Each structure stands twice: as structure tokens, then as C-alpha cells.
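Quick one, fold the following:
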Amino acid sequence: MQVEWLQHSGTADEVTVIFGGWALGPTPFAHLQGPQDVLFVQDYRDLSTTLPDLGCYARTTLLAYSFGVASYAHWQASNPDPFDIKIAVNGTFTPVNRTTGIPPVAMEKTIETLSPQAYQVFLARCFDGKQDRAEIDVEARKSELIAIGERGDAPAVQFDHIWISTKDKIMPTANQLRGWQGQSEHVTRIDAPHVPFARWSTWQEVIGL
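From the prediction side, this is the model:
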């Protein structure tokens, strides 16, 4: 995993840790405002990385997004749980699954056809609109998808709030709803694409508690 601070004041009493989605980087979160420190995690080819010590914070919040949901759950299985609050967005514990994740045929096609051009199509589907051209390390991102698929289903983790987009073209909405049946009381549906963060301007809105 790659870990980087997006905001690190040295004086904040709260921290939000993002387990991000595949190949999107921190850009979807860059506009969100708040006083807390923000730590970003990505690249799930390997989950052996440890997080910085978060013991100095009065409140620690997890935002797990897309494949970051299952990747966090796998990571937590081998690490102490440092979080007071956990928020999930458009992901499940079964990342590649015909009924509760991304259908295997879609995953296989993404791996087989990944290219700079295909990546732009992926971004357009994520954001529900054409995006500026972005760079991608094709081989690294293929390896990451293969690792996520081979890692398989993650152990269930209790989340405090679960956002599910009703216009998700990456992880089908119906699959997400089935994937969260055991925690359905925490689910909120939102009229948004797979990357829904433009609907919010502050971290407090995303956390929703």
C-alpha cells in the first residue's frame, strides 16, 4: 500500500483515513474541507504496510471507498482496529462477485483490455461524464486488480454509515444493496455516480454522523 498525508497540521485532534478506490488517487477528495488531518491509502497489490501511529488523535475516522472497503477489511484482519467511526462508500466485502460486487466478467474485461484509452472510458463511467486526460501505469494497475481478485472476499467489519450511489456504473447498486444486507440499517442511498464526492463540500457531510 502507498500511504500519504493529504493534510497534516500537527495540531488537529481528529484524523480521517481514506482507503481509496482503484486508480483514482486522492483527487476525488481534494475539495473536501475540514479541520482534521487526512491520510490517504491506495495501491492494494500488497496489504502489509502499517499506518502511522494514530494514538495522538481524540477521534479517528475511516472512509473506505470502492475496492478500499474490502481492502481495508483484509488489512484490519491482520492489524489492530484504530478507528472510532467507519464510513463505507460504494464498495462491499466481496469485491469480485456476480451478485454482491463487481461481476467477474467485468473485472476480467478490465484487466484484459486496460490501456490509456480504456482508462479514460473508466473515468467517464466513474464520474458520469468525460474527464480530463489522466496518466495510468497500466501494468501496475493490472497487477493491483489481479491481487484484489486473488485475495477474494474479506471478513465482515461493522460500519457506522454506508453510502450507496443509485447511478453507479462500476459496482452495480443492486449488488451493493445485497452485499450490505447484514448492515442495511446503516445504508443511505444517494443520487450520484460511483465517485459521489462532488455532492459534498465538507468532511462532516461525508461522515454524516
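
hey, let's count contacts and neighbours off CA atoms from now on
Will do.

Which residues are in contact with residue 14?
Residue 14 makes contact with 35-37, 57-61, according to Cα atoms under 8 Å, 6 or more residues apart in numbering.

do residue 157 as well
Contacts of residue 157 by Cα under 8 Å, 6+ apart are residue 73.

cool, and residue 71?
Applying Cα under 8 Å, 6+ apart, the residues contacting residue 71 are 19, 44, 47, 148, 154.

Tabulate the residues you listed in JSON lines, adding columns for distance to residue 205.
Formatted as JSON lines, those follow (distance: Cα to Cα, whole Å):
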{"residue": "19", "distance to residue 205": "18"}
{"residue": "44", "distance to residue 205": "27"}
{"residue": "47", "distance to residue 205": "29"}
{"residue": "148", "distance to residue 205": "29"}
{"residue": "154", "distance to residue 205": "27"}
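
thinking residue 74 is in contact with residue 154, fair?
Yes: the criterion here is Cα atoms under 8 Å, and residue 74 meets it with residue 154 at 5.4 Å.

And for the closest residue to residue 196 other than its chain neighbours, the neighbour number?
Leaving aside its chain neighbours, residue 196 sits nearest to residue 165 (7.1 Å; criterion: Cα to Cα, 6 or more residues apart in numbering). A count of nearby residues for residue 165, using other Cα atoms under 10 Å, gives 22.

How about residue 158?
Neighbour tally, residue 158, other Cα under 10 Å: 13.
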